[in-house]
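Novice: coords below, sequence missing:
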């Protein structure tokens, strides 16, 4: 899924000059790389994660996504790969495992972004497509010694849990998506939620309740038992203790894997120091996708404006808008609308 990353000097002292720097290599950023290339702009993408795809690659690469135009359903990792392939003819530069930290301006008004590796990226414009910013999973209150040894927060490969007894903790979309996806592969799936009500999409909840997944409500995981051996290859989970909160009744369930889908915390990190107008952890933009900072645009879930809808499909349109408006900043004589790709290819 990850393209070859152009990392420059291993000590992080390299200087890179491009027309457009995209901060965030999730789906919206990747489509922005294609569209920038379509407009004849050189482009680099920077992302603190070690691979492209953003939240999709990190959290639900196996999940089927149903709200991308033209795809009745597309697996997360496949969507990311299609986007990488789409941008590939324009040779974008990928700076992965690297964080954009500082924003300043050269004398000619161009943008200078400094990274945590000591790199300086000179760009004529910047588009921030950082999703929700950096994110980290909320930990399970117990059993942390089993992290990486049977306890996980994301399911990267469904096949890893085949023929296992799996406990999923949570009541949101990720918990129910993984329960639904693992039900035909695992020996058994038990979903544990601390309340009777769920935050997941109603249709998915109905499907899981009608499946062979055992759903345990008003309950919490209070202990994980097994051997959290220092050598991960020898570590294993044997059973999980579940406590029914109202009655305090305790039940032990055989399990070899626990998936804690308790959500995550998000942080805009260094972007908060860029002087951007922020509204409830989102970057305020206008109809051009421009921020309050010169030559800095934003698109995707990280943005905020009246009527904002946070969907990948919306982000694709926003980043195309941002690229086209950035192109007119780079060249005031350039047309805002470059024509359709079908015209370019014929």
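Specialist: Cool, got the structure. No experiment lies behind these values; they were computed from the predicted model shown.

Novice: which element is the residue nearest the centre of the chain on?
Specialist: Centroid check for the chain by CA atoms, centre = their mean gives residue 55 as the closest residue, at 1.4 Å. Secondary structure from DSSP states H and E places residue 55 in helix 54-59.

Novice: for residue 185, give me its contacts.
Specialist: 158-159, 161-163 (CB atoms under 8 Å, 6 or more residues apart in numbering). (C-beta placed from N, C-alpha, C; glycine too.)

Novice: let me fix that, I meant to ask about residue 204.
Specialist: 173, 176-177, 180.

Novice: related to what we said a few turns ago, which one (most neighbours) among the contacts of residue 185?
Specialist: residue 161 (22 neighbours; other CB atoms under 10 Å).

Novice: list the contacts for that residue?
Specialist: With CB under 8 Å, 6+ apart, residue 161 has these contacts: 155, 182, 185-186, 257, 259.

Novice: of the contacts of residue 204, closest to residue 284?
Specialist: residue 173 (26.7 Å; CB to CB).

Novice: the nearest residue to the closest one once chain neighbours are set aside in helix, strand or coil?
Specialist: Leaving aside its sequence neighbours, residue 173 sits nearest to residue 200 (CB to CB, 6 or more residues apart in numbering; 4.8 Å). Under DSSP: H, G, I helix; E, B strand; the rest coil, the three-state class of residue 200 is coil.

Novice: could you tell me how many residues sit around residue 200?
Specialist: For residue 200, using other CB under 10 Å, the count is 21.

Novice: ok, and the closest non-adjacent residue to residue 182?
Specialist: Nearest one to residue 182, counting by CB to CB, 6+ apart, is residue 189 at 5.3 Å.

Novice: and the one you found, how close does it get to residue 148?
Specialist: 21 Å (CB to CB, to the nearest Å).

Novice: thinking again about what came up before, quick check: what element follows the helix holding residue 55 along the chain?
Specialist: Scanning onward from helix 54-59 (DSSP H and E), the first element met is strand 64-65.
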